[in-house]
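K.L.:
sharing a model that was predicted from the sequence below.
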Amino acid sequence: MAGTVLPLSPETMTTDPYNAQTPPVALTQPLTPVGAFFVRDHFGMPRLDPHRWRLSLGGAVEAPYELGYDELLAMGRREIDVVLECAGNGRSRMTPRPPGLPWGERAVGCARFGGVPFREFADRAGVDPDVVEFVFTGADSGEAHGRQVAFERSLALDVALHPDTLLATHMNGEPLAPEHGAPVRLVAPGQYGVADVKWLVGARAVTRPFTGVFQTDEYVYVDSKGTPDGPVTTVRVKSMITTPGPGTTVPRGSVVDVHGWAWSGGTPVRRVEVQLDDGDWHIATLSPPTGPYAWTGWSLRWAAKHPGDHRLLARATDADGDTQPLQTPWNAQGYGCNPAASVDVVVR
């Protein structure tokens, strides 16, 4: 996209708290620019001084302790390219529309996160053998369901201690911006973004499943068709069409390069198919991702022969055999929306 000037900020959804989605042009890039990356905030953005920041680890561990920012940086930095997607991404496509932010399809992006595996921190403390989860606490807090709570979310023990679960300090090579969780956030690749607790200040090991607001009241599948009720976890297989954009006019007789991305929760994408209107599905060409949690590029050449309004659909299939459905899977809170991507174009 030589010569294209990318927007410096995402598109605002709400101002207080600030929530915004990634602009379309930024989604054409393999790594989404930080300044255009979507933002999800529940209670307002805390401002934390890195030099005073401390992360405490407690609960069912042998030796609780704290870690400072400089100490964390001194432990080195592992970098992983990760698709970060809000669990409510695409909610506006559900009928009837569930409550919650009316996200379009752009509460998503792919970034290179750098930090230290959480397991290195946990190993220092010594985890009790009866531990089943770690609960992660952010510095942001507010009222939810009639009570004052901090933003907290738990991860199953195997996910929390996976070597790719990071205490992230950097995003696309730069220190985290405040809106993205500075100075330190959690990044759990393959999980929906709610797991990636921002403004991280605490972690505790627990021997029973966590039942906080954002674990059992919010960010759960309820009355879901085809999904057991319970917390949202792994990202579902999904795709997007980045070019042509919605409403693009295409000259009749031209050959159009259709491009997009596909991703799944750490499971490789094996196939992307593209359909014009109600015609046959055609296999797109895949480009290798930059890592196991990054999105996979795909492309297909389409001969625009027939004038009129047309709809392009794209659906991805991952290595587990899961394929995007053609219709939006509904649930009462509007999570995990992953129908086939679509874009309407005009041939003249």
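P.N.:
Sure thing, it's come through. Residues are numbered from 1 along each chain as shown.
K.L.:
which SS class is residue 328?
P.N.:
State at residue 328, reduced to three classes by DSSP: H, G, I helix; E, B strand; the rest coil: coil.
K.L.:
what number of residues lie near it?
P.N.:
Counted with other C-beta atoms under 10 Å, residues neighbouring residue 328 total 19. (C-beta placed from N, C-alpha, C; glycine too.)
K.L.:
one more: residue 148?
P.N.:
Applying other C-beta under 10 Å, I find that residue 148 has 8 neighbouring residues.
K.L.:
work out for me the element the closest residue to residue 37 other than its chain neighbours sits within.
P.N.:
Nearest non-adjacent residue to residue 37, counting by C-beta to C-beta, 6 or more residues apart in numbering: residue 109, 4.6 Å away. Using DSSP states H and E, the element containing residue 109 is strand 108-117.
K.L.:
work out the gap between that strand and the centre of the chain.
P.N.:
Relative to the centre of its chain, strand 108-117 is centred 10 Å away, using C-alpha atoms, centre = their mean, to the nearest Å.
K.L.:
make residue 1 into 438 and carry on from there
P.N.:
Yes, from this point I'll number from 438; that puts the last item at strand 545-554.
K.L.:
who does it pair up with?
P.N.:
strand 515-522 (antiparallel), strand 603-608 (antiparallel) (DSSP bridges).
K.L.:
C-terminal to that strand, what's the next element?
P.N.:
helix 555-562.
K.L.:
can I get the next helix or strand after that following helix in PDB, CA atoms only?
P.N.:
Next in sequence after helix 555-562, counting helices and strands by DSSP H and E, comes strand 570-581. Extracted C-alpha coordinates of strand 570-581, given in PDB (Å, rounded to 0.1, in the frame of the first residue of the first chain):
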ATOM      1  CA  GLU A 570      -6.300 -21.600  37.700                       C
ATOM      2  CA  PHE A 571      -4.500 -18.300  37.900                       C
ATOM      3  CA  VAL A 572      -6.600 -15.100  38.400                       C
ATOM      4  CA  PHE A 573      -5.200 -12.000  36.900                       C
ATOM      5  CA  THR A 574      -6.100  -8.500  38.200                       C
ATOM      6  CA  GLY A 575      -6.000  -5.200  36.300                       C
ATOM      7  CA  ALA A 576      -5.600  -1.800  37.900                       C
ATOM      8  CA  ASP A 577      -8.900  -0.700  36.400                       C
ATOM      9  CA  SER A 578     -12.100  -1.000  38.500                       C
ATOM     10  CA  GLY A 579     -15.700   0.200  38.600                       C
ATOM     11  CA  GLU A 580     -19.300  -0.900  39.100                       C
ATOM     12  CA  ALA A 581     -20.600  -4.000  37.500                       C
END
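K.L.:
give the buried residues for strand 570-581.
P.N.:
570, 571, 572, 573, 574, 575, 576, 577, 578, 581 (16 or more other C-beta atoms under 10 Å).
K.L.:
how about TSV for the residues you listed, with distance to residue 521 and pLDDT added?
P.N.:
Converted to TSV, the buried residues of strand 570-581 look like this (distance: C-beta to C-beta, whole Å; pLDDT from 0 to 100):
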residue	distance to residue 521	pLDDT
570	21	98
571	20	98
572	21	98
573	16	98
574	20	98
575	16	98
576	19	98
577	17	98
578	22	97
581	22	94
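K.L.:
turn those into TSV, columns for distance to residue 653.
P.N.:
Formatted as TSV, these follow (distance: C-beta to C-beta, whole Å):
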residue	distance to residue 653
570	13
571	16
572	12
573	16
574	16
575	17
576	22
577	19
578	18
581	12
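K.L.:
what are the pairing partners of the helix or strand of the chain with the lowest mean pLDDT, and which direction each?
P.N.:
Of all helical and strand segments in the chain, the minimum by mean pLDDT, DSSP states H and E falls on strand 667-668, at a mean of 94. Sheet pairing of strand 667-668 (DSSP bridges) gives strand 657-658 (antiparallel).
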